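Participant: How does the following fold in three dimensions:
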Amino acid sequence: MPPKIVLITGANSGVGLATTKVLASASNDYHVIISARSLSKAQIAKSEVEAENPSSASRLSIVQLDVTDGASISRARDFVEKEFGHLDALINNAGCGNSDPDVYTRYKTCMDTNVIGPAVVAEVFRPLLLKSSNPYSIFVSSGAGSFGRAIERFNGTRDKPPEPKNGGAYHVSKAALNMIALREHQAYVDKGLKVFAMSPGFVVSNLRGTTEELRTGWGQAGPASVAGETMLNILDGKRDADVGKHVYKDGVYNW
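Facilitator: Numbering: from 1, shown residues only. Got it, this is the predicted structure:
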């Protein structure tokens with residue numbers, strides 16, 4: 001069987017890069033299109049994956065894709081359509097956190113990248129997904145976007161992980177992203193599109209900031225490869241019972 005074509009946004013670092021490495025090393029079942037805001041960043045990521053797994057070179061492609069730039073999204077779609085003709089899985093992973101002291105700046109930045117961008121990417125690439133016999137649309141969300149977990153933390157029934165000051169905009173944006181995933185599921189489940197919101201868990205990430213303290217969650221964050229393994233399980237069909245839900249490694253979160 002030909003490999004499944006998987007496009008990952010923001011695949012040059014963090015969860016996106018970790019997922020690329022997991023898919024590249026798991027088997028010959030996946031061809032990963034590494035996308036990043038600049039082609040040079042995508043190429044660096046591709047080289048890193050190939051260095052760790054030389055046999056993956058023929059199953060990796062790169063494309064420039066900035067989720068906040070409509071023209072960039074359209075060009076990436078055209079590239080995928082020309083090169084592959086369809087898409088088996090779209091992983092809407094690109095995201096950001098922002099704790100700027102200015103409330104407008106931090107909310108606009110988070111909403112542009114974490115909500116509007118993925119919504120547009122999903123809309124533009126959906127026709128290519130629907131050409132697949134078994135398509136997956138995965139939105140990389142966060143437990144921070146769960147209303148249920150937020151209420152539990154407020155009530156003291158759930159531990160609150162450390163977070164940057166002024167981090168609320170990120171929470172709000174991920175809650176909105178969850179609604180995008182839920183609505184896509186409801187609209188396209190009858191067409192065979194398998195939609196998930198997926199929380200990577202508290203893992204090493206630049207979303208909290210670029211200092212070592214923030215990246216590692218004050219030393220408490222786990223490896224990003226954990227999220228990559230969860231993604232592999234989804235794409236392998238092992239989480240199909242949870243289609244249309246907000247999933248994480250060990251189960252399902254309340255919306």
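
Participant: Any stretches of the stretch 101-250 of the chain with poor pLDDT?
Facilitator: Along the stretch 101-250 of the chain, segments meeting pLDDT under 70 span 158, 160-166, 202-222.

Participant: how about the helices in it?
Facilitator: For the stretch 101-250 of the chain, applying DSSP state H, counting those that start in this stretch gives helices covering 103-111, 117-129, 147-155, 168-188, 212-215, 225-235.

Participant: Select, out of those helices, the one closest to Val80.
Facilitator: Nearest to Val80 among the helices of the stretch 101-250 of the chain is helix 117-129; the distance by Cβ to Cβ comes to 6.1 Å. For the C-beta atoms, the positions are set from N, CA and C on the backbone; glycine is no exception.

Participant: which other residues reach the closest one?
Facilitator: Contacts with helix 117-129, where a contact means Cβ atoms under 8 Å, 6 or more residues apart in numbering, come from 7, 9, 65, 67-68, 70, 73-74, 77, 80-81, 85-90, 92, 94, 135-137, 139, 177, 180, 184, 188, 193.

Participant: now that helix: how far from the chain's centre is it?
Facilitator: 13 Å (Cα atoms, centre = their mean, to the nearest Å).

Participant: try stretch 41-52
Facilitator: 18 Å.

Participant: In that stretch, which residues are buried?
Facilitator: Buried residues in stretch 41-52, counted by 16 or more other Cβ atoms under 10 Å: 41-42, 44-46, 49-50.

Participant: element containing Ala45?
Facilitator: helix 39-52 (DSSP states H and E).

Participant: who does the helix or strand following that helix touch, helix- and strand-wise?
Facilitator: Using DSSP H and E, the helix or strand that follows helix 39-52 in sequence is strand 60-64. If contacts are counted by 3 or more Cβ pairs under 8 Å, 6 or more residues apart in numbering; DSSP states H and E, strand 60-64 sits against strand 30-36, helix 39-52, helix 70-84.

Participant: Reformat those into JSON lines and put distance to Thr19 and mean pLDDT next to each item.
Facilitator: Output for the helices and strands packed on strand 60-64, formatted as JSON lines (distance: least, Cβ to Cβ, whole Å; pLDDT from 0 to 100):
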{"stretch": "strand 30-36", "distance to Thr19": "8", "mean pLDDT": "98"}
{"stretch": "helix 39-52", "distance to Thr19": "11", "mean pLDDT": "98"}
{"stretch": "helix 70-84", "distance to Thr19": "17", "mean pLDDT": "99"}
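
Participant: Let me have those in JSON lines, adding distance to Lys249 as columns.
Facilitator: Below are the helices and strands packed on strand 60-64 laid out as JSON lines (distance: least, Cβ to Cβ, whole Å):
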{"stretch": "strand 30-36", "distance to Lys249": "20"}
{"stretch": "helix 39-52", "distance to Lys249": "22"}
{"stretch": "helix 70-84", "distance to Lys249": "29"}
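
Participant: and among the helices of the stretch 101-250 of the chain, the most buried is which?
Facilitator: Mean neighbour count (mean count of other Cβ atoms under 10 Å) peaks for helix 225-235 among those, with a mean of 21.
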